[in-house]
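A.B. asks: Build me a model from this:
(4 chains)
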Number of protein chains: 2
Amino acid sequence: MAAKRSGARSKRSQGMSVRLQSVQESRGEPPLSRERIVATAVELLDTRGVDGLTMRRLADRLGSGVMSLYWHVDNKEDVFDLALDSVLEYRGPPQTVESQDWRGEVVHMLEDWRASMLRHPWSASLLPRRALGPNILGRLELLSKTLSKAGVADADLNVAIWSLWNYVMGATVTRASFDLSDDDRAAAQQRLTHLSERYPTIERSRLLLDDDWSGAFRRGLDFLLDGLAPKQ
Amino acid sequence: MAAKRSGARSKRSQGMSVRLQSVQESRGEPPLSRERIVATAVELLDTRGVDGLTMRRLADRLGSGVMSLYWHVDNKEDVFDLALDSVLEYRGPPQTVESQDWRGEVVHMLEDWRASMLRHPWSASLLPRRALGPNILGRLELLSKTLSKAGVADADLNVAIWSLWNYVMGATVTRASFDLSDDDRAAAQQRLTHLSERYPTIERSRLLLDDDWSGAFRRGLDFLLDGLAPKQ
DNA sequence: CCATTGACTCGTACGCCGTACGATGCAAAT
DNA sequence: ATTTGCATCGTACGGCGTACGAGTCAATGG
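C.D. replies: Predicted coordinates:
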């Protein structure tokens, strides 16, 4: 049946055509390109949220017609995929001697992951529905390579990777949904009052109020890594 | 400004009016109710996915007019909230002496959580965007209570809860996105071939192919609990 | 020099969506 | 007999994603 996404992702050629920008827009925007579309999509997602990204609005911001987008992009899902992956690029730890401090490398990558996703809260809500893009796979690869080099046994490697991965994913996703639900403080407050009746323990521990998320994240991560480390 | 969701969630009264079903449908469906709407929404989500849930389709399945739904339900977001929470109910471990085996209780609840979400794959993708419903909070409360009873220090309690929580959330969310991307095997296979070029380590460890997800889930969880347990 | 090609843009239109509004039916209360 | 209030629903509006086909313009090559 209908071959969805069969190889080429849009109608534009993959080759590098070096056409100068057309004269047609006398003082308009630069010409459309996949990069410009993705960048603007991210802008739109940042300012208006997932539901605020509309092909029409996207075209408006780019100063183009709606259907022009479809030359560079398959469809709206494609835009989501590209925007998500574009936000998850990783350039490695700031300055390292090759592979000495494996633990520092892992922590840096995972904290950067978390920071990237929280900088673009829509990404956490998008991620479960999208395929794994190259930047995501790249991070998994880096994680795998680093742990392997650090001496984690092959038999434990996958469990170790997934444990760390799950931890980070869960932390960002959970955090994202908290941000949403705290949007209007009135409702949150009301939820908390009848919370103390029905959920005394989490009320007492101030589980939902403790806002040192990144500290808790780091502590849990450290704990996880302590267990994962072979010894050193 | 506009008071969204201010207290009462729909126009219907909360009181228990015991009206018998109206005579009007001579051989039709039972009368509408919030419960019937939610149950049908879950059906629809199970069979057609997140994008398959439409107010019109929902009404069709219920044998009612579209706008009738809005008497029982605020809007479509409300339907999502209710469907999600309805799927996350928890009835406790099968048969336990009060609070003896705290570890068994925690494992059971978390594995049930994971199983519930995987039974309804749309739930993982919905969760990041929705507020915390009573069933979610109930599980957090149970987790908190159990860990506290098990002797986890108050200072470590929140980190412990969030670590476990994040792990489970991440596992289900990750798993859900894998299910999506494996939808058509052709694309998956192609992704794997150029995977071995660009991502040699995760290719070698068969990270993406290892399909013993629940085994890995359990192993990682055991590890986490080992670390969390005070001693016993 | 002109015709052809192919990269790129875009106006129109279609079918579907969520839902505001107001009309209706019907049982219970007055 | 009238009023009230729960519940249903038809119509309509504005917005959405995108199929289709016509248009523009630079490069090509005869």
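A.B. asks: C-alpha only now, for contacts and for neighbours.
C.D. replies: Will do.
A.B. asks: name the element A:Leu207 belongs to?
C.D. replies: Here A:Leu207 is covered by no helix or strand, with elements defined by DSSP states H and E.
A.B. asks: who's in contact with it?
C.D. replies: With contact taken as C-alpha atoms under 8 Å, 6 or more residues apart in numbering or on different chains, A:Leu207 is in contact with B:Asn158.
A.B. asks: which sections of chain A are below the confidence cut-off?
C.D. replies: A:1-9, A:12-28, A:96-99, A:179-193, A:211, A:229-232 (pLDDT under 70).
A.B. asks: domain parsing for it?
C.D. replies: When chain A is parsed into structural domains using automatic domain parsing, the resulting residue ranges are A:34-86, A:102-228.
A.B. asks: so which of those domains gets nearest DNA strand D?
C.D. replies: Taking C-alpha to the nearest atom of the strand as the criterion, domain A:34-86 is the member of these that comes nearest to DNA strand D, at 3.6 Å.
A.B. asks: at contact distance from DNA strand C, anything in the closest one?
C.D. replies: Yes. Interface with DNA strand C: domain A:34-86 contributes A:Gly63, A:Ser64, A:Gly65, A:Val66, A:Met67, A:Ser68, A:Leu69, A:Tyr70, A:Trp71, A:His72 (C-alpha under 7 Å from any atom of the strand).
A.B. asks: Off-centre distance for that domain?
C.D. replies: Put simply, domain A:34-86 sits 16 Å off its chain's centre (C-alpha atoms, centre = their mean, to the nearest Å).
A.B. asks: Endpoints of that domain, how far apart?
C.D. replies: Its start and end residues considered, domain A:34-86 measures 11 Å (C-alpha to C-alpha, to the nearest Å).
A.B. asks: Check whether it comes into contact with chain B.
C.D. replies: No. Domain A:34-86 lies apart from chain B when judged by C-alpha under 8 Å from any C-alpha of the partner chain; the minimum separation is 9.7 Å.
A.B. asks: picking that back up, can I get the domains of chain A in TSV with distance to B:Gly104?
C.D. replies: Shown next, in TSV, are the domains of chain A (distance: least, C-alpha to C-alpha, whole Å):
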stretch	distance to B:Gly104
domain A:34-86	38
domain A:102-228	20
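A.B. asks: what's next to the helix or strand hosting A:Asn135, contact-wise?
C.D. replies: Remark: A:Asn135 resides in helix A:134-149, with elements defined by DSSP H and E. The list of residues contacting helix A:134-149 from outside it, by C-alpha under 8 Å, 6+ apart, reads A:85-86, A:88-90, A:99, A:102, A:105-106, A:109, A:154, A:157, A:161, B:199-202.
A.B. asks: Stretch A:117-130 now?
C.D. replies: For stretch A:117-130, the external contacting residues (C-alpha under 8 Å, 6+ apart) are A:45-46, A:49-50, A:80-81, A:84, A:87-88, A:172-173, A:176, B:124-129, B:173-174, B:176-177, B:180-181.
A.B. asks: mind redoing it with 7 Å?
C.D. replies: Residues from elsewhere that reach stretch A:117-130 (C-alpha atoms under 7 Å, 6 or more residues apart in numbering or on different chains): A:45-46, A:49-50, A:81, A:84, A:172-173, A:176, B:124-125, B:128-129, B:173-174, B:176-177.
A.B. asks: That one: which residues count as buried?
C.D. replies: Of the residues in stretch A:117-130, A:117-118, A:120-130 count as buried by neighbour count, 16 or more other C-alpha atoms under 10 Å in any protein chain shown.
A.B. asks: and it, how far from the chain's centre?
C.D. replies: Using C-alpha atoms, centre = their mean, the distance between the centre of stretch A:117-130 and that of its chain works out at 5 Å.
A.B. asks: And the helices in chain A, which stretches?
C.D. replies: A:34-48, A:55-62, A:69-72, A:76-86, A:102-119, A:122-126, A:134-149, A:154-181, A:185-198, A:200-204, A:213-228 (DSSP state H).
A.B. asks: Now distance to B:Ser214 too, for those helices, in a markdown table please.
C.D. replies: Rendered in a markdown table, the data for those read as follows (distance: least, C-alpha to C-alpha, whole Å):
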| stretch | distance to B:Ser214 |
| --- | --- |
| helix A:34-48 | 34 |
| helix A:55-62 | 39 |
| helix A:69-72 | 40 |
| helix A:76-86 | 27 |
| helix A:102-119 | 24 |
| helix A:122-126 | 23 |
| helix A:134-149 | 20 |
| helix A:154-181 | 11 |
| helix A:185-198 | 32 |
| helix A:200-204 | 28 |
| helix A:213-228 | 19 |
